[in-house]
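Asks: No letters, just coordinates:
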């Protein structure tokens, strides 16, 4: 019996390796498919809301698709224009940043601190500070050139959503419990994407408004980047903050930059650690260890876009496992239940 179980585990492991290898080979297509599914999950909530208001399904469907296309085009236009202007001005910002470092070195030398100015300037590649984020956004921009395929995918998935529900009822006609499991899975997925999208938009909006108040250049661009990088836990908020903080340092002043850092930290902690968990509930939490390895795995399999999709994909798998009694133990292993235990203790 034990030998049979071991063979089963090796079979499942080998299957998993083959699936991951296949996903990596077909990453370009898989990313488009995943994004189409996830975006459909978000906009299907709006579609149902419009239908509940007794708006005909065809009109509701067209409205939802138009809203999705308009939002995407608007974001693309803003990011493209702002990024183009920012890249053109990078040499100027680089000179200002170098001047700031030289002045700091001079200040240190006036207090008797020996510093090798040439070594520090050679070691600090200032273009890389700005270039890191712009390279990532550039990669996303290249991917968004396949935007039409995503729109078509979303359109077909939303069009099929109603008939898909009927198909499920036919499939699970004699298995009510399995249908309930699937409905619970679908509800939790939609809840996760709706909450995550809302909190990400809120993060980006607040940061854009804050940057306008602080007088930092390109506030809308950094707000959009903050919104996108909110889908990448832990490191996402740090990467999104780097360009804005450096711009504040070279174009405003040190006091404003310190205040801006505090502002970024406060907003990210408040939304990610307080508002988001309350809206999602503890059942939709993930272990930090699982989040870390999911970023590495999906980043390797699907590229940079995979890092943005890492948590949504992992959360989808966790919800799928928790919807079935035979796989609930896997969902528990993936969960972040430390807070619950501490409260009980």
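Replies: Happy to help now that I have it. Here the structure is a predicted model, which means the values were calculated and not measured.
Asks: So which residues of the stretch 201-345 of the chain form strands?
Replies: Along the stretch 201-345 of the chain, counting by DSSP state E, counting those that start in this stretch, no stretch forms strands.
Asks: Show me the shaky parts of it.
Replies: The stretch 201-345 of the chain contains residues with pLDDT under 70 at 281-285, 337-345.
Asks: And the helices in the stretch 201-345 of the chain, which stretches?
Replies: Counting by DSSP state H, counting those that start in this stretch, the stretch 201-345 of the chain has helices at residues 219-229, 235-251, 254-269, 276-280, 288-302, 304-322, 328-334, 338-344.
Asks: Now tell me what touches the third one from outside.
Replies: Right, helix 254-269. For helix 254-269, the external contacting residues (Cβ atoms under 8 Å, 6 or more residues apart in numbering) are 203, 206-207, 210-211, 214-216, 237, 241, 244-245, 248-249. C-beta coordinates here come from the backbone N, C-alpha and C atoms, glycine included.
Asks: Using PyMOL, make a named selection holding only the buried ones among the residues you listed.
Replies: In PyMOL syntax, the buried subset of these is picked out as below (16 or more other Cβ atoms under 10 Å):
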select buried, resi 203+206+207+210+211+214+216+237+241+244+245+248+249
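Asks: So which of the contacts of helix 254-269 is the closest to residue 157?
Replies: The shortest approach to residue 157 among those belongs to residue 203, at 26.7 Å (Cβ to Cβ).
Asks: That closest one contacts residue 271, correct?
Replies: Yes - counting by Cβ atoms under 8 Å, residue 203 touches residue 271, with 5.3 Å between them.
Asks: Find the residues that touch each one of these two.
Replies: Shared contacts of residue 203 and residue 271 (Cβ under 8 Å, 6+ apart): residue 230.
Asks: how deep is residue 152 tucked in, by neighbour count?
Replies: When neighbours are defined as other Cβ atoms under 10 Å, residue 152 has 12 of them.
Asks: returning to what we had before: now tabulate the helices of the stretch 201-345 of the chain in CSV and tack on distance to residue 149.
Replies: Below are these laid out as CSV (distance: least, Cβ to Cβ, whole Å):
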stretch, distance to residue 149
helix 219-229, 19
helix 235-251, 25
helix 254-269, 32
helix 276-280, 30
helix 288-302, 15
helix 304-322, 13
helix 328-334, 31
helix 338-344, 41
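Asks: Can you say which of the ones you listed is packed in most?
Replies: Compared across those, helix 219-229 shows the largest average neighbour count, a mean of 24 (mean count of other Cβ atoms under 10 Å).
Asks: tell me the angle of that helix relative to helix 235-251?
Replies: Computed by axes from the mean of the first three to the mean of the last three Cα atoms, to 10 degrees, the angle separating helix 219-229 from helix 235-251 equals 160 degrees.
Asks: ok and helix 219-229 relative to helix 304-322, angle-wise?
Replies: Using the same axes, to 10 degrees, the direction of helix 219-229 lies 40 degrees away from that of helix 304-322.
Asks: Tell me both backbone torsions, phi and psi, for residue 53.
Replies: Note on residue 53: its backbone torsions stand at phi -80, psi 10 [degrees, to the nearest 10].
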